[in-house]
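A.B. asks: A structural model of the following input is requested.
(2 chains)
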Amino acid sequence: MNHLSEEQLILHYYGEEEDGVAAERHLGECDYCRALYGSLQRALNVVDSLSVPEPGAEYAERVWKRIEHRLPARRGVGWAWALPAPWRWAAASAAFAALLVAAFLAGRFYPHPRQPAQIAAADLQAGERILLVAVGDYLERSQMVLIELANANSKGPLDISSEQERAVDLVSENRLYRQTAAHTGDAAVASVLDELERVLLDITHSPSRLSPNELEKLRQRLEAEGILFKIRVLGSNVRNQEGQTL
Amino acid sequence: MELTDLAFVTKARLGDADAFRALVERHGRPLFRLAFRMTGNQQDAEDVVQESFLRAWRQLGKFDERASFGTWLYRIATNCSLDLMRGRKRRSADSQVEDPALALPSGDPTPERVAMSGEVRERVAEAMDELSASERTAFVLRHFEGMRIEDVSRVLGCQPGAAKHSVFRAVQKLRRALEPLLNGAR
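C.D. replies: Next comes the predicted model:
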């Protein structure tokens, strides 16, 4: 007779085995497996008896009072911010594509004196504006992560896992914008984005808890490279260009 | 996902703090239970719950509305608990403190806890502390939270096979650690 493995007995205990009837039948016939299963049940019953303290009826209220003033303001502007991050990029791309199609149709069917070159210029301007909005927003979010780390004040280990998660997203977005900038020949933008990507990558590869020394080193690096200043300057230029394309 | 969770999440994404408060009220207590099982300490559990909601607020834009908000929140709380446990282990190693009683739940005594002998409680807490972070997490989610292994894998962000093996290893370790005690008691 083949005995049930410990893994099969564990799955049986949790009701996740493939053939519960066969396992039950085997346990009824096999003393060895029944003894092993009994031992498993007793151990898990003892673990079960560790109780959880009752946090009280007002627990949720208490939690809320503690976190309410610590919630950073969310940017409640426009429907696009209600979308998850990947969808924001998709929405921007869709808007760009729709503009191109609309511009094409307008040029094809609307009889006005504008020349094709003018229409193409308008398309390009619209596309450029969408890209500028996206890059401007991207730079702001990157800046926020870096500022949070640069201004963190902690005497003990600092948990930066949240900043790391945001940095991971920013790195993948960065590549898109950097490649676009390189493609359009905007070397200055591509260069700052390249530097920013390296800083963000370092943050994502750091331990999730930074000691005060590690935090200080990171702060010094941010200062030495002047990356925050570069982002601010680039962000400001982008906003200016964005205004000019309106 | 319940429709109301989704409605609150959508409002909260637009900056509606009251909508987020409703999510705190709905999920606060289950999250506390999970955090307590993970950390074994009431104060730590409360810290984990607060930090989880703060992270959730900051990351609401990343939440995929096709998923369950509760599962997503559990994932955040699990990560917060793991961070805390790793930090605690490091601190404990640094200060050479090896008193297992320090890892015991610190809440007021309940009738069950009083009824349970101190020795058994200590051994269970010790055995739980011997589990690796992923084993403990998988075990807590499967055993105490009643999640199916597939859901455990979603929270842990791993394949179901990996989650299953974490549960196996956890149960095997617990059984072996507690067996001498149980045999002695019989």
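
A.B. asks: chain B versus the residue lying farthest from the centre of chain A, what's the distance?
C.D. replies: Centroid-distance maximum for chain A: residue A:29 at 53.5 Å, with C-alpha atoms, centre = their mean. Shown here: residue A:29 relative to chain B, a distance of 22 Å by C-beta to the nearest C-beta, to the nearest Å. Yep, even glycine has a C-beta here, placed from its N, CA and C like the rest.

A.B. asks: how much space between that residue and residue A:204?
C.D. replies: Spatial separation of residue A:29 from residue A:204 under the definition C-beta to C-beta, to the nearest Å is 55 Å.

A.B. asks: what about chain B, any weak spots by pLDDT?
C.D. replies: Under the criterion pLDDT under 70, the flagged ranges of chain B are B:1-3, B:87-117, B:184-186.

A.B. asks: domain map for it?
C.D. replies: With automatic domain parsing as the criterion, the domains of chain B are listed as B:1-98, B:107-186.

A.B. asks: the first one close to chain A?
C.D. replies: Meaning domain B:1-98. Yes - contact between domain B:1-98 and chain A, assessed by C-beta under 8 Å from any C-beta of the partner chain, occurs at B:10, B:12-17, B:20-21, B:24-26, B:28-29, B:32-33, B:36-37, B:42, B:46, B:49-51, B:53-55, B:57-65, B:79, B:83, B:86-87.

A.B. asks: using ChimeraX, define a selection of the buried residues within those.
C.D. replies: With 16 or more other C-beta atoms under 10 Å in any protein chain shown as the burial test, the buried ones among the residues of domain B:1-98 next to chain A are selected in ChimeraX as follows:
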select /B:12,13,14,15,20,21,24,26,28,29,32,33,36,37,42,46,49,50,51,53,54,55,57,58,59,60,61,63,65,79,83
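
A.B. asks: can you read off the backbone torsions of residue A:209?
C.D. replies: Note on residue A:209: backbone dihedrals following degrees, to the nearest 10 are phi -120, psi 120.

A.B. asks: do the same with residue A:186
C.D. replies: Phi and psi for residue A:186, reported as degrees, to the nearest 10, are phi -90, psi 80.

A.B. asks: what's the neighbour count on it?
C.D. replies: Using other C-beta atoms under 10 Å in any protein chain shown, residue A:186 has 16 other residues around it.

A.B. asks: so who does it touch?
C.D. replies: Shown here is residue A:186, which makes no contacts under the criterion C-beta atoms under 8 Å, 6 or more residues apart in numbering or on different chains.

A.B. asks: go on, residue A:5?
C.D. replies: With contact set as C-beta under 8 Å, 6+ apart, residue A:5 has no partners.

A.B. asks: if I look at it, how far off is residue A:40?
C.D. replies: According to C-beta to C-beta, residue A:5 stands 12 Å off from residue A:40.

A.B. asks: keep only those of the residues of domain B:1-98 next to chain A that are in helices.
C.D. replies: Using DSSP state H, the members of those that fall in helices are B:10, B:12-13, B:17, B:20-21, B:24-26, B:28-29, B:32-33, B:36-37, B:42, B:46, B:49-51, B:53-55, B:57-58, B:79, B:83, B:86-87.

A.B. asks: dihedrals phi and psi, the residue of chain A found nearest chain B?
C.D. replies: The nearest approach of chain A to chain B comes at residue A:53, 2.6 Å away (C-beta to the nearest C-beta). Main-chain dihedrals, residue A:53, degrees, to the nearest 10: phi -60, psi 150.

A.B. asks: tell me the confidence at it?
C.D. replies: We note a pLDDT of 87 for residue A:53 in this prediction.

A.B. asks: got it, and residue A:6?
C.D. replies: What the model reports for residue A:6 is a pLDDT of 91.
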